[in-house]
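Undergrad: kindly return the folded structure for what I paste below:
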Amino acid sequence: MIQRLKVLDFALIEDIEISFEKGLTVLTGETGAGKSIILESLSLLFAKRSDQEMIRHGKEKAMVSGLFSLPEELCKTFELPEEIEIAREIDKSGKHKISVNGQTKTLGFLRELTEKIGSIHSQNDTFLLLDNNEYLRFLDEVDNKTINKIKNKYLLLRSNYLDAKKHLEEIKNKKNAEIEQKEFWEYQLEELKTFSLVQNEKEELEVLISKLKHFDKISNNLKEANYLLHKDDLLDSLYDAAKLLEKISDFDSDYKTTSEKILESYYELDAAKELVNEKLSELDFDENEFNFKQERLHDLEKLEEKYHKSILELINYQEEISEKLALINNYDDYLSKYEIKVKEQFDLAYNEAKKLSDLRKKLAKTLEKEVITELADLALQNAKFNIDFKEVDSLNENGIDEIEFLISLNEGEPIRALSKVASGGERARFMFALKSIYAKQENLQVLVLDEIDIGISGKVAAKMATKMVKLSETMQLIVITHLPQVAAKADVHYGISKHLDKGRMVTNIDRLNHEERIMMIAGMLSDETLGHFAIEQAKILLNSK
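TA: Here you go, the predicted structure:
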């Protein structure tokens, strides 16, 4: 439960602190006094996104904090102590902070935690009953845990199906586009094949042609070099010199080193001599081959220029268009196999959606009975309520279900769509029934209701007040109300007002004593003038508590 709420520089609130107790707490006050600001403050603690426009004019930041006591189960789940302080800080610079017991937390963590603590009903929530797109959310709340487990698996399978379906469409579109290119690619492939392209061929041709162009120069220099290497038995002289130095190496280490160097030069020179001989013997000029190589190089250069690609890029391009043509020629078979895959993905997602739908239909029977029971306690003893299911044609985010709340609130009336036949007061009672069922189902500690009793008066108001008292026996119930019957049943009653202070409007909240409650409730019973009858009625309501 929430023990304390502290608000600083938030909208019309300058600095207030409210202590909450178990049971039923009501907040009452004139329109515009600031009741909605109190609700907004509580909503921030329950993970609503912050808005820097709510910072009080002239201030740099607003602060909202709440002291909560947690049940043992939540303490274990979130590894928190029994008492925690949740704080929200809203900064004009956009730095919005969230902390739990002084430790910074994410909005996601706060939402996960506070969803287990309590729920807040705002005035606009009742209007959601006019939108049947919201009905699935109300139904799923009957067993959120099981629903979410199946729904998350369904959403994953649906995502796989949609990805496969999208890829199938891309394949079909690609096929149509590539078929138009087929003849052109076939022409290019045939042309490239005639060249029998080989990696590095062009570079090797350039080297070979350069050698053939300078054949005479190469031949003459090789012959001269060969002659000099054989002249005057140079090699034999080197070898003999090395051996002579080797014989006297014992007398001086330099003789040995020099001998080794000469011998090394001898072997290197001998290898060079063999290489020159080899190159000379290989030397041959074939004019026909020379012309052929030049033509081949010229053809390859023209091909590169035509395609604006290098030979290596052309080899890769040839493989690429070859694969594309093969795919085009086998598209029908490929498409057929992929369509089977898409169908398999659809079936997996649909089967999971069917499980979700089957669970919802079971939950619907439970919800129908519970709503009828709750409505009977709210002066709708003859109410009939059915949840009608319709299977949609596609897999949407909520599955395959579209539902309608059908209701008959008066005996003898046919069952019809809730959004079309229920009055404002009847929608209010229906929403109160849903909120009560959800709070009890989830074993919530706190339930906050903002004017959920709009459109209700007389005996029905008394019955709703009695229901609220009953509900407050199992959870902390905080109610913003305009009904004197509800205000009179409260365990704790706060009055909200505003006044002008130094030219600025400021919201006040005061815990009312018995006399103050009489006057507040009398005011709720009156029009503009507070009369004796209203005061007496207020006393009667309080005494009947």
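Undergrad: helix, strand or coil for G455?
TA: coil (DSSP: H, G, I helix; E, B strand; the rest coil).
Undergrad: below-threshold pLDDT in this protein: ranges please.
TA: 232, 234, 284-286, 545 (pLDDT under 70).
Undergrad: in terms of residue numbering, what are the domains of it?
TA: 1-121+443-512, 167-332 (automatic domain parsing).
Undergrad: who's in contact with I16?
TA: Contacts for I16 (Cβ atoms under 8 Å, 6 or more residues apart in numbering) come out as K6, V7, T507, N508, I509. Yep, even glycine has a C-beta here, placed from its N, CA and C like the rest.
Undergrad: most packed of the domains of the chain?
TA: domain 1-121+443-512 (a mean of 18; mean count of other Cβ atoms under 10 Å).
Undergrad: and that domain, end to end?
TA: Domain 1-121+443-512 has an end-to-end distance of 21 Å (criterion: Cα to Cα, to the nearest Å).
Undergrad: make 39 the starting number, not 1.
TA: Happy to do that; since the first residue is 39 now, the last one works out to domain 39-159+481-550.
Undergrad: how far does that domain sit from its chain's centre?
TA: Mean-position distance between domain 39-159+481-550 and its chain equals 29 Å (Cα atoms, centre = their mean, to the nearest Å).
Undergrad: just stretch 561-574 next, same as before
TA: 54 Å.
Undergrad: which parts of the top strand by length along the chain are buried?
TA: Secondary structure of the chain per DSSP state E: the longest strand is strand 422-434. Within strand 422-434, the residues that qualify as buried are K422, F423, I425, L433, counting by 16 or more other Cβ atoms under 10 Å.
Undergrad: is the third one bridged to anything, and to what?
TA: Pointing back at I425 there. F443 (DSSP bridges).
Undergrad: identify the residue nearest E489 in space, chain neighbours excluded?
TA: Q161 (5.1 Å; Cβ to Cβ, 6 or more residues apart in numbering).
Undergrad: can you give me the strands in the stretch 339-488 of the chain?
TA: 422-434, 437-446, 454-455, 484-488 (DSSP state E, counting those that start in this stretch).
Undergrad: export the first one to CSV, keeping only CA atoms.
TA: Meaning strand 422-434. Only the C-alpha atoms of strand 422-434 are listed here, as CSV (Å, rounded to 0.1, in the frame of the first residue of the first chain):
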residue,chain,number,x,y,z
LYS,A,422,-27.2,-10.0,-19.0
PHE,A,423,-23.7,-10.0,-20.4
ASN,A,424,-22.2,-11.9,-23.2
ILE,A,425,-18.8,-11.6,-24.9
ASP,A,426,-19.2,-12.3,-28.7
PHE,A,427,-16.2,-13.6,-30.6
LYS,A,428,-15.5,-13.1,-34.3
GLU,A,429,-12.5,-14.5,-36.1
VAL,A,430,-10.7,-11.9,-38.2
ASP,A,431,-9.2,-12.8,-41.6
SER,A,432,-5.6,-11.9,-40.8
LEU,A,433,-3.1,-12.4,-38.0
ASN,A,434,-3.0,-9.1,-36.2
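Undergrad: ok, now which ones touch the residue nearest to E489?
TA: S74, D488, E489, I492.
Undergrad: before we move on, what about I534?
TA: L65, T66, G67, A71, G72, K73, I76, T545, N546, I547.
Undergrad: any chance of JSON lines for those, columns secondary structure and distance to K269?
TA: Shown next, in JSON lines, are the contacts of I534 (DSSP: H, G, I helix; E, B strand; the rest coil; distance: Cβ to Cβ, whole Å):
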{"residue": "L65", "secondary structure": "strand", "distance to K269": "120"}
{"residue": "T66", "secondary structure": "strand", "distance to K269": "125"}
{"residue": "G67", "secondary structure": "coil", "distance to K269": "123"}
{"residue": "A71", "secondary structure": "coil", "distance to K269": "121"}
{"residue": "G72", "secondary structure": "coil", "distance to K269": "117"}
{"residue": "K73", "secondary structure": "helix", "distance to K269": "118"}
{"residue": "I76", "secondary structure": "helix", "distance to K269": "114"}
{"residue": "T545", "secondary structure": "strand", "distance to K269": "117"}
{"residue": "N546", "secondary structure": "strand", "distance to K269": "121"}
{"residue": "I547", "secondary structure": "strand", "distance to K269": "119"}
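Undergrad: circling back: which of the buried residues of strand 422-434 sits closest to L227?
TA: Distance to L227, by Cβ to Cβ, is smallest for L433 among the buried residues of strand 422-434, at 42.3 Å.
Undergrad: need the contacts of Q161 in TSV (columns: distance to N581).
TA: Listed next are those as TSV, based on distance: Cβ to Cβ, whole Å:
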residue	distance to N581
S74	31
D488	28
E489	25
I492	26
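Undergrad: out of the domains of the chain, nearest to D169?
TA: domain 39-159+481-550 (15.9 Å).
Undergrad: which residue is the nearest non-sequential neighbour of Y369?
TA: K213 (5.0 Å).
Undergrad: residues in contact with the one you found?
TA: By Cβ under 8 Å, 6+ apart, the neighbours of K213 are I366, Y369, L373.
Undergrad: the first one and E358, how far apart?
TA: With distances defined as Cβ to Cβ, to the nearest Å, the gap from I366 to E358 amounts to 13 Å.
Undergrad: the second one now?
TA: When distances are taken as Cβ to Cβ, Y369 and E358 turn out to be 17 Å apart.
Undergrad: again, but for the last one
TA: Counting by Cβ to Cβ, the separation of L373 from E358 is 21 Å.
Undergrad: again with E412
TA: Counting by Cβ to Cβ - E412 and E358 are separated by 69 Å.
Undergrad: cool, N190 as well?
TA: Counting by Cβ to Cβ, the gap from N190 to E358 is 41 Å.
Undergrad: what does A417 give?
TA: Applying Cβ to Cβ to A417 and E358 gives a distance of 77 Å.
Undergrad: just R465 next, same as before
TA: 65 Å.
Undergrad: longest helix anywhere in this structure?
TA: helix 182-233 (DSSP state H).
Undergrad: now that helix against strand 437-446, angle please.
TA: 150 degrees (axes from the mean of the first three to the mean of the last three Cα atoms, to 10 degrees).
Undergrad: can you name every helix or strand that the helix or strand just after helix 182-233 contacts?
TA: Next in sequence after helix 182-233, counting helices and strands by DSSP states H and E, comes helix 239-251. Applying 3 or more Cβ pairs under 8 Å, 6 or more residues apart in numbering; DSSP states H and E, we find helix 239-251 packed against helix 325-345.
Undergrad: CA atoms of the helix it packs on as PDB?
TA: Extracted in PDB, the C-alpha atoms of helix 325-345 (Å, rounded to 0.1, in the frame of the first residue of the first chain):
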ATOM      1  CA  GLU A 325      56.200 -13.300 -84.600                       C
ATOM      2  CA  ASN A 326      52.900 -15.100 -84.900                       C
ATOM      3  CA  GLU A 327      52.700 -15.600 -81.100                       C
ATOM      4  CA  PHE A 328      53.800 -11.900 -80.600                       C
ATOM      5  CA  ASN A 329      50.900 -10.700 -82.800                       C
ATOM      6  CA  PHE A 330      48.400 -13.100 -81.100                       C
ATOM      7  CA  LYS A 331      49.400 -11.900 -77.600                       C
ATOM      8  CA  GLN A 332      49.000  -8.300 -78.600                       C
ATOM      9  CA  GLU A 333      45.500  -8.900 -80.100                       C
ATOM     10  CA  ARG A 334      44.500 -10.800 -77.000                       C
ATOM     11  CA  LEU A 335      45.600  -8.000 -74.700                       C
ATOM     12  CA  HIS A 336      43.800  -5.500 -77.000                       C
ATOM     13  CA  ASP A 337      40.600  -7.500 -76.800                       C
ATOM     14  CA  LEU A 338      40.700  -7.800 -73.000                       C
ATOM     15  CA  GLU A 339      41.300  -4.000 -72.700                       C
ATOM     16  CA  LYS A 340      38.300  -3.300 -75.000                       C
ATOM     17  CA  LEU A 341      36.200  -5.700 -72.900                       C
ATOM     18  CA  GLU A 342      37.100  -3.900 -69.700                       C
ATOM     19  CA  GLU A 343      36.300  -0.600 -71.300                       C
ATOM     20  CA  LYS A 344      32.900  -1.800 -72.600                       C
ATOM     21  CA  TYR A 345      31.800  -3.200 -69.200                       C
END
